[in-house]
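Visitor: can you look at this prediction? I've put the sequence above it.
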Amino acid sequence: MRLSLANLSRLPADIRRPAYDVAAAQVGVVHLGVGAFHRAHQAVYLDDCLARGAAGWAVCGASLRSPDTSEALDPQDGLYTLAVRSGTGDDLRVIGSLRRLLVAPRDPSTLLAAMCDPNVRIVTLTVTEKGYCHDPATGTLDEAHPDIIADLANPAVPRSAPGFLVEALARRRAAGVAPFTVLCCDNLPANGETVARVVARFAALRDPDLGRWVEAEVAFPCTMVDRIVPATTDADRAMVAGRLGMEDAWPVMAEPFTQWVVEDRFPAGRPPLEDVGAELVADVRPYELMKLRLLNGSHSTLAYLGYLAGKETIAETMAEPAFQRLVARLQDEEVTSTVPAPPGADLGAYKRALRERFANPALKHRTWQIAMDGSQKLPQRLLSPIRDRLAAGAPIGFLALGVAGWMRYVSGTDEKGSAIDVRDPLAARFKAVAETAGPDADRLAEGLLAVREVFGADLPTDPRFTGAVKAALGRLYAEGAAASVDAATRG
């Protein structure tokens, strides 16, 4: 027996289920990048809105790459289980807000038609940093990106997120339909502004008048999203099936904590997010900076160094006293000074809560999973606070150790000589650099520092930065990650 609308009534009493008529819910949001994070975060808030009677805010989810989510959830009428994991057990809930699933490469015209539906007033995105086809060092459109070149040549059959957004907006404009609001839910700096810049530039390359219209008429609110969502395992599926008494092909796991801070700028209307726990604010930037630098920066540092130290998960990494000290000292001594506290926020309490979340043994968040796509993440998570510290003449030892951990990781060989499965848009370039450098830390650092898309033009010419990174990378090669972290945090 499989989870479906027909089988909802057969669920055990302790499994929460949608408190509304799922089949009658009308799509008002198209979501690009319908992966685990969206299903554990935005879709849950919208499920809560639907339960409060906001019937016009169900989701049409679209994958821009893989059909896996559609193939798993279509036979389940879009239903899936959210398992909230804590030290006291797993709280299970069936989510019904995902009413339609599309696979863009199979049928881009159907996705474009969905985005042009006048009932759709918001398009949300979780396509990861690399999905915006931008230069992470500058925040501008990468006009040489293969997908951008293809979408400019054939705009009616887009491949990229900017391509789909602009083609759908152009069609709505031509039809006299008001534009949808574009709501980025990825970890980009000033994400709404960044996506606005990328999309407007792409539109202008197609047609300067269209570019001006996008700049003038389309809203791109900034957001900050926060929830730890590890990849679902076969053991997770088995646990969920045992609790449900039926199969769920793709449940999602998440921690209890969830946060969504949204700039309240929706000309076409929005769901009552403030009634279901989201924070609607005038300025997201302080929240975004707090999260990107304190949470994401620490997470990436733990991922690279923890992986090199042989740790499979973040919780396993945080069980080591040296890594506990690393996170505390990184946050307290180097990052906090670059983070203005959001209104009413207690940064000390926030950092303590982060350390507890990282250490949650119920979450099997793999270091390898977090380590993916580092070239897209490093600029905002570690390099931006490094720039602020350098401008203030302040030390960057722990931040540099995180950067060195990334360099050692993307070399593609771990401390035991085994291959690392490096998943990154620039993986081939990193491999070429590593092959040229061999086991020479200075040569590896120099080769990677020359990757402008990551480090820009300024950091590679600052000896305070290059010296700190080379020294840390040399220690990682000479002593290994565990010993390097232990030595660095004892002083």
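Guide: Received it, and whenever you're ready, just let me know what you need. Numbers count the residues shown, from 1 in each chain.
Visitor: surely Phe465 touches Arg389?
Guide: No: using Cβ atoms under 8 Å, Phe465 is not in contact with Arg389, being 9.5 Å away. The way it works is simple: take the backbone N, C-alpha and C, and place the C-beta from them, glycine included.
Visitor: joint contacts of the two?
Guide: Common contacts of Phe465 and Arg389 (Cβ atoms under 8 Å, 6 or more residues apart in numbering): Ile396.
Visitor: how far out from the middle of the chain is stretch 7-23?
Guide: Here stretch 7-23 shows a centroid-to-chain-centroid distance of 29 Å under the convention Cα atoms, centre = their mean, to the nearest Å.
Visitor: give the buried residues for it.
Guide: By 16 or more other Cβ atoms under 10 Å, the buried positions in stretch 7-23 come out as Asn7, Leu8, Leu11, Ile15, Arg17, Pro18, Tyr20, Val22.
Visitor: just stretch 276-293 next, same as before
Guide: Quick answer for stretch 276-293 (16+ other Cβ under 10 Å): 276, 278, 280-281, 284-293.
Visitor: go on, stretch 334-354?
Guide: Result for stretch 334-354 [16+ other Cβ under 10 Å]: buried residues Glu334, Val335, Thr336, Thr338, Val339, Pro342, Leu347, Tyr350, Lys351, Leu354.
Visitor: report how many residues lie close to Thr69.
Guide: By other Cβ atoms under 10 Å, the residues close to Thr69 number 25.
Visitor: same thing with Asn119?
Guide: 12.
Visitor: now do the SS call for it.
Guide: coil (DSSP: H, G, I helix; E, B strand; the rest coil).
Visitor: where's it relative to Val30, distance?
Guide: Distance, Asn119 to Val30, using Cβ to Cβ, to the nearest Å: 10 Å.
Visitor: residues in contact with the nearest residue in space to Pro340 that is not next to it in sequence?
Guide: Spatially, and ignoring its direct neighbours in sequence, Pro340 is nearest to Pro286 (5.4 Å; Cβ to Cβ, 6 or more residues apart in numbering). By Cβ under 8 Å, 6+ apart, the contact set of Pro286 is Val339, Pro340, Ala341, Pro342, Pro343, Ala345.
Visitor: run the last query once more with 7 Å
Guide: Pro340, Ala341, Pro342 (Cβ atoms under 7 Å, 6 or more residues apart in numbering).
Visitor: next structured bit after whichever strand or helix holds it?
Guide: Per DSSP states H and E, Pro286 falls inside helix 285-290. Counting by DSSP H and E, the next helix or strand C-terminal to helix 285-290 is helix 297-308.
Visitor: tell me how far that following helix lies from the chain's centre.
Guide: Taking Cα atoms, centre = their mean, one finds helix 297-308 lying 16 Å from the centre of the chain it belongs to.
Visitor: for the helix or strand following it, packing partners?
Guide: Downstream of helix 297-308, the next assigned helix or strand under DSSP H and E is helix 314-318. Helices and strands touching helix 314-318, by 3 or more Cβ pairs under 7 Å, 6 or more residues apart in numbering; DSSP states H and E, are helix 297-308, helix 367-371.
Visitor: dump the buried residues of stretch 7-23 into CSV; add distance to Ser411, pLDDT and secondary structure as well.
Guide: Formatted as CSV, those follow (distance: Cβ to Cβ, whole Å; pLDDT from 0 to 100; DSSP: H, G, I helix; E, B strand; the rest coil):
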residue, distance to Ser411, pLDDT, secondary structure
Asn7, 49, 97, coil
Leu8, 50, 96, helix
Leu11, 48, 97, coil
Ile15, 46, 98, coil
Arg17, 48, 97, coil
Pro18, 48, 97, coil
Tyr20, 51, 97, coil
Val22, 49, 97, helix
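Visitor: may I ask which two of the residues you listed are separated the most?
Guide: Pairwise distances across those peak at 17.3 Å for Asn7 and Tyr20 (criterion: Cβ to Cβ).
Visitor: that older thread, now the buried residues of stretch 276-293 in a markdown table, with pLDDT and distance to His299?
Guide: As requested, the buried residues of stretch 276-293 are arranged in a markdown table below (pLDDT from 0 to 100; distance: Cβ to Cβ, whole Å):
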| residue | pLDDT | distance to His299 |
| --- | --- | --- |
| Val276 | 98 | 26 |
| Ala278 | 98 | 22 |
| Leu280 | 97 | 26 |
| Val281 | 96 | 23 |
| Val284 | 96 | 20 |
| Arg285 | 93 | 20 |
| Pro286 | 94 | 19 |
| Tyr287 | 95 | 17 |
| Glu288 | 93 | 15 |
| Leu289 | 94 | 15 |
| Met290 | 95 | 14 |
| Lys291 | 95 | 10 |
| Leu292 | 95 | 10 |
| Arg293 | 97 | 11 |
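Visitor: from those residues, which is closest to Trp250?
Guide: Out of the buried residues of stretch 276-293, the member with the shortest distance to Trp250 (by Cβ to Cβ) is Val276, at 23.6 Å.
Visitor: please name the nearest non-neighbouring residue to the closest one.
Guide: Asp48 (3.7 Å).
Visitor: the one you found should be in a helix, yeah?
Guide: Yes: residue state for Asp48 (three-state DSSP) corresponds to a helix.
Visitor: hmm, it is touching Leu273, no?
Guide: No: with contact defined as Cβ atoms under 7 Å, Asp48 does not count as touching Leu273 (8.9 Å).
Visitor: number of nearby residues for the residue lying closest to Val157 once chain neighbours are set aside?
Guide: Closest residue to Val157 apart from its sequence neighbours, by Cβ to Cβ, 6+ apart: Pro108 at 5.3 Å. For Pro108, the count of nearby residues is 20 (other Cβ under 10 Å).
Visitor: my read: Pro108 touches Arg159, true?
Guide: No: taking Cβ under 7 Å as the definition, Pro108 is not a contact partner of Arg159, at 8.1 Å.
Visitor: list the contacts of the residue lying closest to Gly480 once chain neighbours are set aside.
Guide: Leaving out its chain neighbours, the residue that sits closest to Gly480 by Cβ to Cβ, 6+ apart is Glu415, at 5.3 Å. Applying Cβ under 7 Å, 6+ apart, one finds that Glu415 lies in contact with Leu308, Gly480, Ala481.
Visitor: pretty sure Glu415 sits in a helix.
Guide: No: counting by three-state DSSP, Glu415 is not found in a helix; it is coil.
Visitor: between the contacts of Pro286, which is closest to Leu363?
Guide: Pro342 (24.9 Å).
Visitor: residue contacts, the closest one?
Guide: By Cβ under 7 Å, 6+ apart, Pro342 lies in contact with Pro286, Tyr287, Met290.
Visitor: and with 10 Å instead?
Guide: Counting by Cβ atoms under 10 Å, 6 or more residues apart in numbering, Pro342 makes contact with 224, 261, 279, 281, 283-291, 350.
Visitor: now it: how far from Ala328?
Guide: 21 Å.
Visitor: reformat the contacts of Pro342 as JSON lines; add distance to Arg173.
Guide: Converted to JSON lines, those look like this (distance: Cβ to Cβ, whole Å):
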{"residue": "Met224", "distance to Arg173": "30"}
{"residue": "Val261", "distance to Arg173": "30"}
{"residue": "Glu279", "distance to Arg173": "32"}
{"residue": "Val281", "distance to Arg173": "30"}
{"residue": "Asp283", "distance to Arg173": "29"}
{"residue": "Val284", "distance to Arg173": "27"}
{"residue": "Arg285", "distance to Arg173": "30"}
{"residue": "Pro286", "distance to Arg173": "34"}
{"residue": "Tyr287", "distance to Arg173": "32"}
{"residue": "Glu288", "distance to Arg173": "30"}
{"residue": "Leu289", "distance to Arg173": "34"}
{"residue": "Met290", "distance to Arg173": "37"}
{"residue": "Lys291", "distance to Arg173": "34"}
{"residue": "Tyr350", "distance to Arg173": "42"}
